[in-house]
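*Asks:* what's the 3D shape of this:
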Amino acid sequence: MNEDSAHFPPVDPVKSGIKGCCPRCGQGKLFDGLLGVKPRCAACGLDYSFADSGDGPAVFVILIVGFIVIGMVLWLQVNYGPPIWVHILLFAPLTIILSLLTLRWFKGILIAMQYRHNAREGRLSD
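*Replies:* Numbering: from 1, shown residues only. Just a heads-up that it's a prediction; the model follows:
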């Protein structure tokens, strides 16, 4: 994966992941649609078959978005005590939007980190 690092300057994995750019060149698009990964980079030709973020991004999203939303729900309930429909009306769309947005960011960051550190699936023998 990193055998061609002399031809491409290092790309910051956090910036390229958040922007959804190629982890090697930083120019081509990483995603095809909302969360699907393209087969290869259109700019530098990097094959994205190594990219397998697994459940990692979902775990981060559940923990971070859950902490934010539940904190806001509790604050609203303690300070104002609105009926349950207000909570549903406010926090259901917020949860969905935050989850989709951060899931894309974390998936891009984890794929960029996989490329940068040459991460592969563990094997016992070749």
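
*Asks:* Off-centre distance for stretch 40-59?
*Replies:* The chain centroid and the centroid of stretch 40-59 are separated by 11 Å under Cα atoms, centre = their mean, to the nearest Å.

*Asks:* end to end, how far does that stretch reach?
*Replies:* 26 Å (Cα to Cα, to the nearest Å).

*Asks:* Tell me which residues are up against that stretch.
*Replies:* Here stretch 40-59 makes contact (Cβ atoms under 8 Å, 6 or more residues apart in numbering) with 1, 8, 22-25, 27-30, 37-39, 103, 106-107, 110-111, 114-115, 120-121. C-beta here means a position set from N, CA and C on the backbone, and glycine is covered the same way.

*Asks:* tell me which residues in the longest helix seen in the chain are buried?
*Replies:* Identified as the longest helix of the chain according to DSSP state H is helix 84-116. For helix 84-116, a neighbour-count test (16 or more other Cβ atoms under 10 Å) marks 91, 95, 98-99, 102-116 as buried.

*Asks:* For it, the averaged confidence score.
*Replies:* Helix 84-116 shows a mean pLDDT of 94.

*Asks:* what does stretch 48-56 give?
*Replies:* Per-residue scores along stretch 48-56 average to 85.

*Asks:* distance between the ends of that stretch?
*Replies:* 17 Å.

*Asks:* Can you list the buried residues in it?
*Replies:* Result for stretch 48-56 [16+ other Cβ under 10 Å]: buried residues 48, 51, 53, 56.

*Asks:* how close does the last one get to residue 111?
*Replies:* This points to residue 56. 10 Å (Cβ to Cβ, to the nearest Å).

*Asks:* can you check the second one too?
*Replies:* With distances defined as Cβ to Cβ, the gap from residue 51 to residue 111 amounts to 4 Å.

*Asks:* Give me the common contacts of the two.
*Replies:* 30, 37.

*Asks:* On the three-state scheme, residue 63 is what?
*Replies:* Of the three states, residue 63 takes helix under DSSP: H, G, I helix; E, B strand; the rest coil.
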